[in-house]
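Participant: Following is a predicted model, sequence given first.
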Amino acid sequence: MKDSLDELFEKIMKARIFVNRDILRPDYIPDDLPHRENQILRLAETLVPVLKKSRPSNVFIYGMTGTGKTAVTKYVLNRINNEGRKKGIPLSIAYINCRHDDTNYRVLANLCETINIKVPFTGLSVSELFRRFVKALDASDKIMFVVLDEVDALVKKSGDRVLYDLTRINNQLNNAKVAIIGITNDLNFTEYLDPRVRSSLGEEELVFPPYNAVELEDILKQRAEKAFVEGAISPEVIKLCAAIAAKEHGDARRALDLLRVAGEIAEREGADKVVEEHVRKAQKEIEKDRVVEVIRSMPFHSKILVLSIYLLEKEKGKGHTTGEIYDVYSRLVKNFGLEPLTQRRISDLINELDMLGIVNTKIVSRGRYGRSKVASLTVPYTHLKEGLKEDPRMSHIL
DNA sequence: CGTCCACAGGAATGACGGGCGG
DNA sequence: CCGCCCGTCATTCCTGTGGACG
C-alpha cells in the first residue's frame, strides 16, 4: 500500500542531490573564506589588542550586500573569542542587525540581553536603558564587542544618538570596555553622522569590494563540494550561478541562494543532477517568492495601493503620477468601506514600495504642468496577483 | 524672465497599544 | 492602579522646486 506521501519520501531519498544543504545558506560560516584573506587579517589586526586586555579601535566596515562583511566579522570574532577563552580573558560579543532592530531602544535592549539583564520590550526611557546597560556592564569587567550590522538603517531611521552614546561609553566605564564594529552597505553613510561620531567610529576603516565572477565561482565551488552529492553538480552549473550573481553587484548571497534553490528544484523533479535549466527556474522562483512574501506581509492600505497601480497599468500602460494613483486608490478604498489615507501618507507608501523593489519611481518635471513622481511596477503581474490573492478581502477582485 | 503647476518631502503633532516602576 | 515613556502609523501644515508656458 503506497500513497502519494510514500512516493514523495522515496523520491527524496532516492534523488540524493544534497548531502547538507545548510552549507549553502547565507548564515553558514565556512572554515575559510576565499578571497577575503586581506580583510580577515586587517580586521584581526585591529581587534587583537583585546587579547592583551586593551581596548581595540572601533572599526567601520563598508561593502555592498553579499560581499562577506558579516561572515568575516563573525569569523574573526569567533576566533578571537576562542583565543580569549583559552587565555581567560572575559569577552562578550553582541551582534545586532540594525535592519531588524532599527530603533535606539531596540538596540539597547538587545545589548542588555546579551549581558543577561532582562529588560522589557518597551516602556523604559532610552536613557534609563542606557544607564542600566552601563551599570551592569561595568560590574562585569568584560571587554565587549558591539557589532552593528547594517547600521545605516538605524541611523537613517532613528538618528545617531545611540551611536554617539556608545562611542563615548568608555568614559563612563571603569572596568569594562566597549569596542564598536559598524557594518554598512551604504558607502556614503558617514555623511549622515555627527562629526564626533564619525571620527571616533571610523578609527579604523575596512572596505569590502564586490566579488567578481571568478571569485564567486571559487566560493561556490568550495561550498558545493560539501553541500552536494558527488556528481550531482557540474562546474558549468556553478559557473552559471557565479556569472548571474556577478552581474548583480557580485553578491555572494545571491549566488549561494541560486545554487541551493536550483538543487532543491532538481531534487523535487527527481533528477540526479543539477542542470542549467534548474538554475534558470531557480532564478524565477527566487524572485517570485520574494515578491509574494513582500506583498503578503504588507498592510492593507499598501495592498490596495499596489492593486491601484496594477489596475492603472492594465488600462493605460506603465508610468503614473502620485496624483493619478491616489485617485484610483481613494475610490478603491471607499469600495472597501474604509477611509482613504492622505496623499502625504500615500506618497510615503509609494516610496516604501520603491525600496522594496515592487515599483520604480522617478521624479519628472512637466514644467508648467507641475512636478511629480512617476511610478511603474517592476514585477510580473502574475507574482503580484498571487501575493494579493492571499488576502481574503482581496481575492474576489482578481 | 517670471510665473505657477503638482506635487515632494520636512516638521510638528496626535492617537494608540504596550509596558514599565511605584 | 496611575503617570510616564516608548514605537508606530497617520494627519496637518508647510516650504521647496524644475522647467514649459506666456
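Facilitator: Arrived safely, thanks for sending.
Participant: now A:Tyr62: how far from DNA strand B?
Facilitator: Per Cβ to the nearest atom of the strand, to the nearest Å, A:Tyr62 is found 23 Å from DNA strand B. To be clear about C-beta, it is placed using only N, CA and C from the backbone, and glycine gets the same treatment.
Participant: Does that residue fall in a helix, a strand, or a coil region?
Facilitator: strand (DSSP: H, G, I helix; E, B strand; the rest coil).
Participant: can you pull up the bridge partners for it?
Facilitator: A:Thr184, A:Val207 (DSSP bridges).
Participant: contacting residues for it?
Facilitator: Counting by Cβ atoms under 8 Å, 6 or more residues apart in numbering, A:Tyr62 touches A:184-185, A:187, A:189, A:205-208.
Participant: so A:Tyr329 touches A:Pro340, yeah?
Facilitator: Yes - applying Cβ atoms under 8 Å as the test, A:Tyr329 and A:Pro340 come out as touching, 6.6 Å apart.
Participant: For these two, work out which one has more neighbours and name it.
Facilitator: Counted by other Cβ atoms under 10 Å, A:Tyr329 and A:Pro340 do not tie: A:Tyr329 has more neighbours, with 26 against 18.
Participant: quick one: which helix or strand includes the more buried one?
Facilitator: helix A:322-335 (DSSP states H and E).
Participant: do the following helix or strand past that helix and DNA strand B meet at all?
Facilitator: Helices and strands here follow DSSP H and E; after helix A:322-335, the next one along the chain is helix A:343-355. Yes - using Cβ under 7 Å from any atom of the strand, we find that helix A:343-355 touches DNA strand B at A:343-344, A:347, A:350-351.
Participant: Dump helix A:343-355 to CSV, keeping only the CA atoms.
Facilitator: What follows is helix A:343-355, C-alpha atoms only, in CSV (Å, rounded to 0.1, in the frame of the first residue of the first chain):
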residue,chain,number,x,y,z
GLN,A,343,-1.9,61.8,-0.1
ARG,A,344,1.0,62.7,2.0
ARG,A,345,0.9,59.2,3.6
ILE,A,346,0.4,57.5,0.2
SER,A,347,3.5,59.3,-1.1
ASP,A,348,5.5,57.7,1.7
LEU,A,349,3.9,54.3,1.0
ILE,A,350,4.9,54.6,-2.7
ASN,A,351,8.4,55.3,-1.6
GLU,A,352,8.3,52.2,0.5
LEU,A,353,7.2,50.2,-2.5
ASP,A,354,10.2,51.6,-4.3
MET,A,355,12.5,50.5,-1.5
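Participant: What lies in contact with that helix?
Facilitator: Residues contacting helix A:343-355 (Cβ under 8 Å, 6+ apart): A:301-302, A:305-306, A:322-323, A:325-326, A:329, A:341, A:359-361, A:373, A:375.
Participant: Of the residues you listed, which pair is most distant in space?
Facilitator: Farthest pair in the contacts of helix A:343-355 (Cβ to Cβ) is A:Leu341 and A:Asn360. Separation: 21.9 Å.
Participant: More neighbours: which of these two?
Facilitator: Comparing A:Leu341 with A:Asn360 by other Cβ under 10 Å, the one with more neighbours is A:Leu341, at 19 against 14.
Participant: That one and A:Phe300 touch, don't they?
Facilitator: No - A:Leu341 is beyond contact range of A:Phe300, at 10.5 Å (criterion: Cβ under 8 Å).
Participant: what about A:Gly319, distance to A:Thr382?
Facilitator: A:Gly319 is 20 Å from A:Thr382, where distance means Cβ to Cβ, to the nearest Å.
Participant: Those two: which has the busier surroundings?
Facilitator: Taking neighbours as other Cβ under 10 Å, A:Gly319 and A:Thr382 compare with A:Gly319 leading, 14 against 10.
Participant: what about A:Val50, neighbour count?
Facilitator: Residues lying near A:Val50 (other Cβ under 10 Å) number 22.
Participant: One more: A:Gly317?
Facilitator: Neighbours of A:Gly317 under the rule other Cβ under 10 Å: 9.
Participant: ok, the closest residue to DNA strand B within the stretch 201-350 of chain A - contacts?
Facilitator: Proximity of the stretch 201-350 of chain A to DNA strand B (Cβ to the nearest atom of the strand) peaks at A:Gly323, 2.2 Å away. The contact partners of A:Gly323, by Cβ under 8 Å, 6+ apart, come to A:343, A:372.
Participant: any idea how far DNA strand B is from the residue lying closest to A:Thr378 once chain neighbours are set aside?
Facilitator: Nearest non-adjacent residue to A:Thr378, counting by Cβ to Cβ, 6 or more residues apart in numbering: A:Asn360, 5.0 Å away. With distances taken as Cβ to the nearest atom of the strand, A:Asn360 is found 13 Å from DNA strand B.
Participant: quick one: secondary structure of A:Asn360?
Facilitator: Here A:Asn360 is recorded as strand under three-state DSSP.
Participant: What is the burial count for the closest residue to DNA strand C within the stretch 151-300 of chain A?
Facilitator: Closest to DNA strand C within the stretch 151-300 of chain A is A:Pro299: 6.0 Å, counting by Cβ to the nearest atom of the strand. A:Pro299: 9 surrounding residues under other Cβ under 10 Å.
Participant: doesn't A:Asn185 make contact with A:Asp152?
Facilitator: Yes - applying Cβ under 8 Å, one finds A:Asp152 in contact with A:Asn185, separated by 7.2 Å.
Participant: residue ranges for the helices of the stretch 151-300 of chain A, please.
Facilitator: Taking DSSP state H, counting those that start in this stretch as the criterion, the stretch 151-300 of chain A contains helices spanning A:151-158, A:161-167, A:169-172, A:195-201, A:213-227, A:235-247, A:252-268, A:276-296, A:300-316.
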